[in-house]
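Colleague: from the sequence below, what's the structure:
(2 chains)
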Amino acid sequence: EDKVVQSPLSLVVHEGDTVTLNCSYEVTNFRSLLWYKQEKKAPTFLFMLTSSGIEKKSGRLSSILDKKELFSILNITATQTGDSAIYLCALYPPGGGNKLTFGTGTQLKVEL
Amino acid sequence: EPEVTQTPSHQVTQMGQEVILRCVPISNHLYFYWYRQILGQKVEFLVSFYNNEISEKSEIFDDQFSVERPDGSNFTLKIRSTKLEDSAMYFCASSEAASGSWLTDTQYFGPGTRLTVL
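Modeller: Numbering: from 1, shown residues only, chains lettered A, B, ... in the order given. Below is the predicted model:
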């Protein structure tokens, strides 16, 4: 089974802090890596990363992929209480197929 | 903004009963998926569906599960004889394609149906 491991499992920060969430994987040849934010229910899409070293950015969130070292990071700057959620990393498999393999998730809590 | 919708939001059933979970994918999407998440565990792939047939399924998706696109808008997951261990959140997702392009491959998830088997 393709293995996707996220760290830390959970963390608590204060508003305004910057956080870095990690996703490491054991698959060396995959199509793309996705980040999702899961609040109460549905995972909502954040980023899809396909190429190594190219940063994707959306507001205070950014993400980058390192295919050589087999990891991706998700950065959130100037955190707000609304950033509190579970952040999920998922992989599309090598070759064809549309099955997403999810990591365990990182639970982020942002306090005032 | 188009979104995936699911009904019901919560379903409670007795063990051994059949349930049908319903989803309306985003209208121009061609690929449809079901995932489940048991409380406290990872989101797990169940099945993908394209062109009116299953394109891929996981080991979890055994003979008690089936999927159908009964009309041009709905996509359903049927569990024939529910077990206690089927209790989970079931997510439907859809994508425009699965071609390797970030524009079209992104899967968008619905709000989920929480299934409770008693």
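Colleague: what sits against B:Asn74?
Modeller: With C-beta atoms under 8 Å, 6 or more residues apart in numbering or on different chains as the criterion, the residues that contact B:Asn74 are B:22-24. No exception for glycine: its C-beta is placed from N, CA and C like everyone else's.
Colleague: neighbour-wise, which one of these leads?
Modeller: Highest neighbour count within these, by other C-beta atoms under 10 Å in any protein chain shown: B:Cys23, with 26 neighbours.
Colleague: thought it was touching B:Thr5?
Modeller: Yes: under the criterion of C-beta atoms under 8 Å, B:Cys23 makes contact with B:Thr5 at 7.1 Å.
Colleague: overlap of the contact sets of those two?
Modeller: B:Gly110.
Colleague: taking the centroid of chain B, which residue is nearest it?
Modeller: Note on chain B: the residue nearest the mean C-alpha position is B:Trp34, at 2.6 Å, using C-alpha atoms, centre = their mean.
Colleague: secondary structure element for it?
Modeller: Element membership for B:Trp34 (DSSP states H and E) is strand B:31-37.
Colleague: please name the strands paired to that strand in the sheet, noting orientation.
Modeller: strand B:43-50 (antiparallel), strand B:88-95 (antiparallel) (DSSP bridges).
Colleague: per-residue pLDDT, A:Lys41?
Modeller: We have a pLDDT of 77 for A:Lys41.
Colleague: how many neighbouring residues does A:Thr28 have?
Modeller: Here the number of neighbours of A:Thr28 (other C-beta under 10 Å) works out to 9.
Colleague: that one reaches A:Glu69, doesn't it?
Modeller: No: the criterion here is C-beta under 8 Å, and A:Thr28 misses it with A:Glu69 at 11.1 Å.
Colleague: what bridges to B:Gly49?
Modeller: Just so we're on the same page, residue B:49 is Phe rather than Gly. Here B:Phe49, judged by DSSP bridges, has bridge partners B:Phe32, B:Ile54.
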